[in-house]
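Student: Any chance you could fold what I've pasted below:
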Amino acid sequence: MRTAVWQPPTGRPAGRDPDVRRSLRLLREHSDRLARAWSGLVFLALLCLFTGLPVSTGLATVAVLLVSRRMITQWLRVGRYRAVVDELLATEPARSIEAEHLGGQLLRIDGNTLRFPILMPTVRLADHVWLVGPNAAGQAVVFGDAVVYPNFGQTVAEPAQHLSGQRPARGEPQVGARSSARSAARGFARRWAFTALMVISIGTELAPQPQVLTWLYVIAALTILVLAGRQWLRIVPCLQAPGLLRAPLVDYPAKLGPDQSVVVTLPDGSELAGKVVWSVQLLANVRASGLLWVAGIPAPGMTLGVGVPDYPIAGVVRFDK
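Tutor: Purely as a prediction, here's the structure:
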C-alpha cells in the first residue's frame with residue numbers, strides 16, 4: 001500500500017496550488033542567485049585586471065567561466081521554457097495519465113512521446129504521471145507523485161526502438177538526504193576554498209610591506225571564519241540528515257504551523273510542536289497527507305530525521321523543549 005503523498009490539483013489550474021507556486025518561486029530564486037554570483041565574479045575579474053593582478057585575474061576569470069557554464073545549462077534545461085510552463089500551469093488542471101518510460105529522457109504519455117530536458121527519477125519510474133497540456137505546440141508539463149517539480153516536455157516523433165539505459169532505483173529518504181548532504185558539502189568547500197585562494201593571491205600580488213600583509217591576512221581570515229561559520233551552521237542539519245534517518249520511519253498525525261513548523265499528535269493524544277530546520281519537498285507532503293514520518297520517537301528537545309517512505313524526500317525537525 002503506497003503512502004499518501006502530494007499530488008497536483010485536478011479541479012483547478014495546477015499553478016494555483018501553493019506548493020506548485022513555491023516550487024516555481026524556488027526555481028526563479030536559483031536562477032537569480034546564479035546571476036548575482038556571475039555579476040560579482042565579473043566585477044572581481046575586472047577589478048583585478050585594471051589593478052594589474054594577472055594571477056588573480058586568471059583565477060576570477062576561471063570562476064566566471066564555470067558559473068557561466070552553470071547558467072547556460074540552467075537556461076537550456078529550465079529558463080527558456082519558464083514562460084511556457086507558467087502559462088500552462090496558470091490555465092490548465094493536471095490529469096492522471098498512464099506513462100511508459102522509453103529510455104533516456106523520453107516518456108510515452110496519452111499516445112504521445114515527450115522528450116524532457118530534465119526528467120526526475122520519480123517521473124521516470126512511475127506507471128502514471130500528472131499531465132498538464134499539451135498545448136497546440138505540443139508542449140506539456142508533467143508532475144510525479146510527492147515531488148513538486150514541473151518537468152517540461154516537448155512532443156516528438158517516437159523512436160524506432162526503445163533507448164538503452166538502466167532505470168534508476170526508486171528513491172528513499174536516505175538517498176535524498178545523502179545527495180543533498182554531498183551537494184551542500186561540495187558547495188561549501190568550493191565557495192570558501194575559492195575565497196581563501198583569491199585573498200592569498202590578491203594579497204601576494206599587491207605585495208605590501210610584510211607587516212601590513214600579515215594584518216591584511218589576519219583581518220581577511222577572521223572575516224572568512226565568521227561568514228563561513230554562519231553558512232556552516234545553516235547547512236549542519238542537511239549534513240546530519242543521513243545519520244538521523246537510519247532508524248525506521250513511523251507515521252504520526254501532523255499539521256503544519258506558521259513559519260515552517262509542524263505539530264505532531266503523539267499516541268497519548270498530546271501534541272508536540274517542532275521546527276523544520278531543513279527539508280527537501282517535505283512540507284507539501286505533510287500538508288497533503290496530514291502525516292509526518294519520523295525516524296525515532298518525538299520528544300521535547302529532540303532533533304530527528306523525517307521523510308516520506310518510498311521517495312527521496314527528507315528533512316530534519318527540531319522539536320520544542
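Student: in stretch 256-272, what's buried?
Tutor: Within stretch 256-272, the residues that qualify as buried by neighbour count (16 or more other CB atoms under 10 Å) are 256, 260, 262, 263, 264, 265, 272. All C-beta spots, glycine's among them, are computed from the backbone N, C-alpha and C.
Student: Please flag which of those sit within strands.
Tutor: Residues of the buried residues of stretch 256-272 located in strands (DSSP state E): 256, 262, 263, 264, 265, 272.
Student: Could you check how far residue 127 is from residue 308?
Tutor: 18 Å (CB to CB, to the nearest Å).
Student: got it, and residue 314?
Tutor: Taking CB to CB as the measure, residue 314 falls 8 Å from residue 308.
Student: more crowded one of residue 127 and residue 308?
Tutor: residue 308 (32 against 8; other CB atoms under 10 Å).
Student: That one pairs with what?
Tutor: residue 313 (DSSP bridges).
Student: cool, residue 156 as well?
Tutor: Judged by DSSP bridges, the bridge partners of residue 156 are residue 113.
Student: so how far is residue 107 from it?
Tutor: The value you get for residue 156 to residue 107, if CB to CB is used, is 11 Å.
Student: Likewise for residue 260?
Tutor: 33 Å.
Student: what's the domain layout of this protein?
Tutor: Domain ranges of the chain: 1-159, 171-321, per automatic domain parsing.
Student: export the buried residues of stretch 256-272 to CSV and tack on distance to residue 78 and pLDDT?
Tutor: What follows is these, written out as CSV (distance: CB to CB, whole Å; pLDDT from 0 to 100):
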residue, distance to residue 78, pLDDT
256, 27, 90
260, 25, 81
262, 30, 92
263, 35, 93
264, 35, 93
265, 39, 92
272, 38, 93
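Student: CSV please, covering the residues you listed and showing distance to residue 141.
Tutor: What follows is the buried residues of stretch 256-272, written out as CSV (distance: CB to CB, whole Å):
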residue, distance to residue 141
256, 25
260, 26
262, 29
263, 33
264, 33
265, 35
272, 38
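Student: and residue 55, that's in a helix?
Tutor: Yes - assessed by DSSP: H, G, I helix; E, B strand; the rest coil, residue 55 belongs to a helix.
Student: since we're on the residue lying closest to it once chain neighbours are set aside, how many residues are nearby?
Tutor: Nearest residue to residue 55, sequence neighbours excluded (CB to CB, 6 or more residues apart in numbering): residue 201, at 5.3 Å. Residues near residue 201, counting by other CB under 10 Å, number 19.
Student: before we move on, what about residue 54?
Tutor: By other CB under 10 Å, the residues close to residue 54 number 11.
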